[in-house]
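Enquirer: With the sequence up front, the predicted model follows.
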Amino acid sequence: MVNDFDRILDECIEHINRGESLEACLARYPDHVDQLEPLLRAVIQTKEAYSFEPSMTAKSVAKQRFNAALERLQQRRLEKQPLFTKLFARPIALATVATVLLIIVAGYFGLRPLLYPAGPVPHHEGNFVFLISDDVNAIDDFASLNVSISNIGLLLGGESGRWVEFKPEVKEVDLTLVQGDKTQEIWRGDVPEGQYNKVFVHVASVSGILKETGASVDVKLPSEKLQISKPFEVTSSSVTSFVYDLTVIATGTPQSGVEYILMPQVGQSGAD
Amino acid sequence: MHAERSSKEAALAALYDEYYDKIARYIFVRIGDRAEAEDLAGEVFMKALESLNSYQERGIPMQAWLFKIAHNLVVDYLRKMTKRKTVSMDTIQIESDVNPAAVAEKNIELEQVNKAMEQLTTEQKEVLRLRFFGGLTSGEAGRVLNKSDGAVREMQRVAIEKLRKLLATDS
């Protein structure tokens, strides 16, 4: 009997943890109301006394730190794997399929790595650092504004006119944390030396939470590929830091409905 | 081996959003400092990432393992802060746009519940923290505490019965 009551009490606590009311819990077990009610009131009183919502800023900062550490670990693991292991550690049938796929993919991307051996390589002592910042406009409307970046491209000037592309090590940035002079480094490594003319970031997704209502809001992009024209030089003898400035703008009125658009800011972007 | 590690990393990342809050609440109940609880909650996930190679899922789900890490971090923290044993009313900060009378009443309630919780045994307190604030099921709490589901449910009932009497006496 005691075991039965222990189980019933446990189930009620489970329901309360999920947000159910005391009355709803008691309605499930009418034969045990007299015994259950005072205990569940003590449970609720205790939970309410210690009620604590962690701040979204603290959670977001911690999550960025975690994601950055995860990216570094995954990158180091990829670098450590010998080519032989990557290609031939699996059964022959899989290795054959993998080799065929590799040939197709290399053909699709035009054998660029073979023609231009000095492609971007992430490295903690590289010659190029890519940072994201927010130029303050409507960012103050947001409790958080997470931008996911899937790809970055730099256009080499001159006769080659080729794009140097790489994937960010830190894929998600909360723009509310990088306002004004603050920046978030999302890639560091080696890129080919030379004069560059244009930069793009490929935005995979944007998710914003409004400060006033706590509601999720749709933030529009003029295009998934945000491109700016900005000349800068990269050399092997120094480290070039490029800050790519984004800004969120509010359009419309409260009466007609406010819309938010995320755009690149050429004026505030550039290299040191 | 790399595939196994990658799969564990993905599982850990998937738990982040839901369990950061639960772990922060669990830590806050134990140390009474909001800012430190938020910092330590982030630290739990960093430690978990560092120790992933030692995590084996047999017997203990990953979410329960996170609470074990949280427990160890809290023990280390409290060792450094030996003078702080209960939540002081001074540590509750008044938000500028909140009614001070309501905050004072909340502080009194917190002090009352805190005093009652201190009368429970260490194991009883831990069961209630994991169940009420960590949101673990009794089964998951049992795995953290190395106890059976039945033992956890019994401890939980005894603890709540004691808590109810203490709160009724104090009020």
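Expert: Here it is on my side, so go on. Here the structure is a predicted model, which is why all the values come from computation and not from measurement.
Enquirer: so what strands line up beside the longest strand along chain A?
Expert: Longest among the strand segments of chain A by residue count, using DSSP state E, is strand A:194-210. Using DSSP bridges, strand A:194-210 pairs in its sheet with strand A:142-156 (antiparallel), strand A:216-217 (antiparallel), strand A:225-234 (antiparallel).
Enquirer: Which residue lies nearest the spatial centre of the chain?
Expert: Answering for chain A, as no chain was given. Central residue of chain A (CA atoms, centre = their mean): A:E172, 1.8 Å from the mean position.
Enquirer: wait, chain B
Expert: Closest-to-mean residue, chain B, CA atoms, centre = their mean: B:Y26 / 2.0 Å.
Enquirer: Can you get me a residue count around whichever residue of chain A sits closest to chain B?
Expert: Closest residue of chain A to chain B, CB to the nearest CB: A:A62 (2.9 Å). C-betas here are computed from N, CA, C, even on glycine. A:A62 has 23 neighbouring residues, counting by other CB atoms under 10 Å in any protein chain shown.
Enquirer: Break chain A down into its domains, please.
Expert: With domains defined by automatic domain parsing, chain A comprises A:2-49, A:119-271.
Enquirer: secondary structure class for B:K8?
Expert: For B:K8, the assignment made with DSSP: H, G, I helix; E, B strand; the rest coil gives helix.
Enquirer: Count the neighbours of A:Q64 for me.
Expert: A:Q64 is flanked by 18 other residues according to other CB under 10 Å.
Enquirer: Wait, it touches A:D174, no?
Expert: Yes. Between A:Q64 and A:D174 a contact is recorded at 6.6 Å, counting by CB atoms under 8 Å.
Enquirer: Could you list the residues of chain A in contact with chain B?
Expert: Within chain A, the positions lying close to chain B (CB under 8 Å from any CB of the partner chain) are A:2-3, A:5-7, A:9-10, A:13-14, A:17, A:38-39, A:41-43, A:45-50, A:52-55, A:58-59, A:61-63, A:65-67, A:69-70, A:73-74, A:77, A:81.
Enquirer: Can you tell me which of those residues are buried?
Expert: Among the residues of chain A next to chain B, those classed as buried by 16 or more other CB atoms under 10 Å in any protein chain shown are A:5-6, A:9-10, A:13, A:17, A:39, A:42-43, A:45-47, A:49-50, A:54, A:58-59, A:61-63, A:66-67, A:70, A:73.
Enquirer: Now, the residues you listed that are in helices?
Expert: Counting by DSSP state H, the part of those found in helices is A:5-6, A:9-10, A:13, A:17, A:39, A:42-43, A:45-47, A:49, A:58-59, A:61-63, A:66-67, A:70, A:73.
Enquirer: Buried residues, stretch B:49-69. List them.
Expert: Buried residues in stretch B:49-69, counted by 16+ other CB under 10 Å: B:L49, B:L52, B:I60, B:P61, B:M62, B:Q63, B:A64, B:W65, B:L66, B:F67, B:I69.
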